[in-house]
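Student: Sequence plus the predicted model coming up.
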Amino acid sequence: MEVRGLHHSYRRRRVLRGIDFALRPAVLAGIVGENGAGKSTLLKALSGELRPDRGTVGRRGSLGYCPQTVVLDDAFTVRQHLDLFRAAFRLPDLRRAHEVLETLAFTEYLDERAGLLSGGSRQKLNLTLALMHDPDVLLLDEPYQGFDWETYLRFWELAGALRDAGRSVLVVSHLAYDAGRLDELWRLREGGLTRQDPRAGEVT
Ligand SMILES: Nc1ncnc2c1ncn2[C@@H]1O[C@H](COP(=O)(O)OP(=O)(O)OP(=O)(O)O)[C@@H](O)[C@H]1O
């Protein structure tokens, strides 16, 4: 994925002011920034959900996008969500979805309605829906929000395995106390990205 000269404003608020950024295959990258820095706006622009005022986003391969706001239908069960997305992605089976569900220790909830799931469980479903077609490029907006510690660790295992399998993985978060797990780290501040050393210790 290659991003050049991305600008975006909401009325007078200039949120993105010239973002240049490349995400290569087999890289686990992170973008951190304070609340309101524009991280979700950037991911929306990268995913195509938002059309930026200026700039280009180039991408090769399929995309998996896990937005910050969970988009689920409360009346549908977990299984029904998987079936809907399987049809949308035109997948022959749910093999990959079940692998992800197992990694996230979520298989026992298959027949639960989404409206009855806890916040962390909804997020597990949100993440599974983004990963179930095994996309080449993954854009994950605060993907571990609401996760307990065990699930949080499993998330990073999953992200590392995807990177090792050659996928490009971008994780966006307001905190980066686990930056050491990343290959590349950027900070979004005042509308621009600056590269940071992920091994430089605590970055907040
Ligand atoms: N649809 C919108 N209309 C107007 N302003 C918006 C809209 N979406 C976001 N903003 C503003 O743009 C700025 C960046 O928001 P954004 O959600 O991208 O930040 P963020 O870094 O993801 O924040 P957080 O860490 O709180 O999720 C904020 O000041 C926000 O209020």
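Tutor: Received it, and whenever you're ready, just let me know what you need. Owing to the predicted nature of the structure, the values given are computational and were not obtained by experimental measurement.
Student: contacts and neighbour counts: CA atoms only from here.
Tutor: Noted.
Student: Once you drop chain neighbours, what's closest to residue 77?
Tutor: residue 113 (3.8 Å; Cα to Cα, 6 or more residues apart in numbering).
Student: Over to residue 179?
Tutor: residue 198 (5.1 Å).
Student: Neighbours of that neighbour, how many?
Tutor: Using other Cα atoms under 10 Å as the criterion, residue 198 is surrounded by 21 other residues.
Student: what does residue 174 give?
Tutor: 18.
Student: Test my guess that it contacts residue 35.
Tutor: Yes - taking contacts as Cα atoms under 8 Å, residue 174 lies within contact range of residue 35: 6.4 Å.
Student: what kind of secondary structure is residue 152 in?
Tutor: helix (DSSP: H, G, I helix; E, B strand; the rest coil).
Student: can you pull the contacts of residue 114?
Tutor: For residue 114, the contacting residues are 72-78, 122, by Cα atoms under 8 Å, 6 or more residues apart in numbering.
Student: Any figure for the gap between it and the ligand?
Tutor: 23 Å (Cα to the nearest ligand atom, to the nearest Å).
Student: ok, for that residue, nearest residue in space, not its chain neighbours?
Tutor: residue 74 (4.6 Å).
Student: Then residue 65?
Tutor: residue 139 (4.8 Å).
Student: mind listing what the one you found touches?
Tutor: Residue 139 touches 43, 47, 63-66, 169-172, counting by Cα under 8 Å, 6+ apart.
Student: can you list the residues of this structure near the ligand?
Tutor: Contacts of the chain with the ligand, taken as Cα under 6 Å from any ligand atom, map to 10, 15, 33-41, 174.
Student: Check whether the residue nearest the centre of the chain sits in a helix, strand or coil.
Tutor: Closest to where the C-alpha atoms of the chain average out (Cα atoms, centre = their mean) is residue 140, at 0.6 Å. Secondary structure state of residue 140, per three-state DSSP, is strand.
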